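**Q** the amino acid sequence is not available; the structure is as follows:
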């Protein structure tokens, strides 16, 4: 089985290793400044999910197979007890892992995602990415110009542009596997976390300006994660850690005891 790519900080530090998983269209690089800061205090692994970043590409994109990826990663790196932080899709994988395999987690942080099934909500981004003829473009500026024809949020455009890279034949491509993420979208977005209970200590962090975790989700969260608290970060939307890193990092550090 292929092992997920990661960037590791603070390997020589004592303490429980913290595994961090990004969201859809993201990659470990999105969490670089967080990784550098927390890697000063504890071992930290920034992980690329399958079909993202530098990890392998594969046609299967189900939640269950991503849980298996995480399990294989822990075994490969001989990690016993861990803390896990997952944002958005990474949070969904983290929740499913906790409920299915929870024996080795000390503390769990879920960022701006609930265990429920979500309706499709990335169509505009998928349409924009499909319209960009990336293999025919010569630089990131041209990619940006094409994305701007379909998307008006500067933050989203910049986030997507981080995935542009130059292949060996000097053509451009996306780091993520656009074909599989588009075709298998419903396999991992419009499904919820399978029912179950995780008894460990859990912190849900929501962006105050985000609508991903609603008050109507609280009963379900409390039922599946009975030892959880739900906190909001002010002046932040869905990309909580990027929009208010100071408050986010302080809250995460406090919960993890760092």
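**A** Sure thing, it's come through. All values derive from a computational prediction rather than experimental measurement.

**Q** where along the chain do the strands fall?
**A** In the chain, the strands defined using DSSP state E lie at 6-9, 18-21, 44-47, 82-87, 105-111, 164-166, 172-174, 201-207, 228-233.

**Q** so of the ones you listed, which one's packed in deepest?
**A** Most buried of the strands of the chain, by mean neighbour count (mean count of other CB atoms under 10 Å): strand 18-21, with a mean of 28. C-beta coordinates here come from the backbone N, C-alpha and C atoms, glycine included.

**Q** what sits up against that one?
**A** 28, 31, 34-35, 38, 42-47, 49, 70, 73-74, 79, 82-87, 89-91, 93-94, 256 (CB atoms under 8 Å, 6 or more residues apart in numbering).

**Q** re earlier: okay, the strands of the chain in TSV with mean pLDDT and distance to residue 243 next?
**A** Formatted as TSV, those follow (pLDDT from 0 to 100; distance: least, CB to CB, whole Å):
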stretch	mean pLDDT	distance to residue 243
strand 6-9	98	22
strand 18-21	98	17
strand 44-47	98	19
strand 82-87	98	12
strand 105-111	98	12
strand 164-166	96	22
strand 172-174	97	24
strand 201-207	98	7
strand 228-233	98	8
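
**Q** could you dump these into CSV with distance to residue 122 added?
**A** Output for these, formatted as CSV (distance: least, CB to CB, whole Å):
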stretch, distance to residue 122
strand 6-9, 25
strand 18-21, 18
strand 44-47, 21
strand 82-87, 15
strand 105-111, 17
strand 164-166, 18
strand 172-174, 14
strand 201-207, 17
strand 228-233, 22
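
**Q** got the buried residues for stretch 90-105?
**A** 90-100, 105 (16 or more other CB atoms under 10 Å).

**Q** actually stretch 123-140, not the one I typed
**A** 125, 128-129, 132, 134, 137.

**Q** report the buried residues of the worst-scoring helix or strand of the chain on mean pLDDT.
**A** In the chain, the helix or strand scored least confidently by mean pLDDT, DSSP states H and E is helix 185-188, which has a mean of 90. For helix 185-188, the neighbour count (16+ other CB under 10 Å) marks 185, 187-188 as buried.

**Q** if we can go back for a sec, which of the buried residues of stretch 123-140 sits closest to residue 177?
**A** Nearest to residue 177, judged by CB to CB, of the buried residues of stretch 123-140 is residue 129 at 11.3 Å.

**Q** if you skip the residues just before and after it, what's nearest to that closest one?
**A** Nearest residue to residue 129 in three dimensions, chain neighbours excluded: residue 178, at 5.6 Å (CB to CB, 6 or more residues apart in numbering).

**Q** so what pLDDT did the one you found get?
**A** Residue 178 carries a pLDDT value of 97.

**Q** please renumber so the chain begins at 50
**A** With the count now opening at 50, the last piece we talked about shows up as residue 227.

**Q** thought it was touching residue 177?
**A** No. Contact criterion CB atoms under 8 Å: residue 227 and residue 177 do not qualify, at 10.9 Å.

**Q** how far does the least confident helix or strand of the chain sit from the chain's center?
**A** The chain centroid and the centroid of helix 234-237 are separated by 15 Å, computed with CA atoms, centre = their mean, to the nearest Å.

**Q** ditto for stretch 145-161
**A** 14 Å.

**Q** show me where the stretch 100-249 of the chain has its helices.
**A** 112-125, 138-150, 172-180, 189-197, 203-210, 227-232, 234-237 (DSSP state H, counting those that start in this stretch).

**Q** out of these, the one nearest residue 160 is which?
**A** helix 138-150 (5.5 Å).

**Q** can you tell me what sits against that closest one?
**A** 69-73, 75, 96, 98, 112-113, 115-116, 119-120, 133-135, 154, 157, 159-162, 164, 237-238, 242-243, 245-247, 249, 251, 273-274.

**Q** that older thread, closest to residue 198 out of the buried residues of stretch 172-189?
**A** Closest to residue 198, out of all of the buried residues of stretch 172-189 and judged by CB to CB, is residue 177, at 7.9 Å.

**Q** done for today, thanks.
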